[in-house]
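A.B. asks: Need coordinates for the following:
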Amino acid sequence: MENPSRDEIRKILQSSKRIAVVGLSSDPNRTSYMVSKAMQAAGYEIIPVNPTIDEALGVKAVPDLKSIEGPVDIVNVFRRSEFLPGVAEEFLQIDAKVFWAQLGVAHEETYHKLKEKGCTVIMDRCIKVEHALTK
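C.D. replies: The predicted structure follows:
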């Protein structure tokens, strides 16, 4: 698995506006919440994707990616690695540009499947850290 270069990641983050966050928690102590709050503060529209919560960061949550209206720039995944194949299947059914699995989350088979379909894939990287590094 090879992630895009820092320069490519910078371009992705600069051209992106809407981030669907799969597994976003409504608990302010969870990493998904802290990272998403920072990205929201940086000007990104955050769409919580979690069937177990009503809202997070003041935004109504949707149960799955297919429930999002309109295009999505980045699907940022905060689920364990074994859930990536299922999330990737949903990702391929919506109008999204980048599949991004958070730090500590990766799945070799899913990576190759998405790359074969021409998708931009980033795995095992924190979007908040990358945003800070590429400013």
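A.B. asks: can we go C-alpha only for contacts and neighbour counts from here?
C.D. replies: OK.
A.B. asks: Mind giving me the packing neighbours of the helix or strand hosting V121?
C.D. replies: Per DSSP states H and E, V121 falls inside strand 120-122. Applying 3 or more C-alpha pairs under 8 Å, 6 or more residues apart in numbering; DSSP states H and E, we find strand 120-122 packed against strand 96-101, helix 108-116.
A.B. asks: Give me the sheet partners of that strand and which way each runs.
C.D. replies: Partners of strand 120-122 in the sheet, by DSSP bridges, are strand 96-101 (parallel).
A.B. asks: what comes up buried for the strand it pairs with?
C.D. replies: Using 16 or more other C-alpha atoms under 10 Å as the test for burial, strand 96-101 gives A96, K97, V98, F99, W100, A101.
A.B. asks: ok, the fifth one to H112 distance?
C.D. replies: With distances taken as C-alpha to C-alpha, to the nearest Å, W100 is found 14 Å from H112.
A.B. asks: per-residue pLDDT, the residue sitting nearest the centre point of the chain?
C.D. replies: Centre of the chain computed as the mean C-alpha position; nearest residue by C-alpha atoms, centre = their mean is N76, 0.7 Å away. If you check N76, the pLDDT there is 98.
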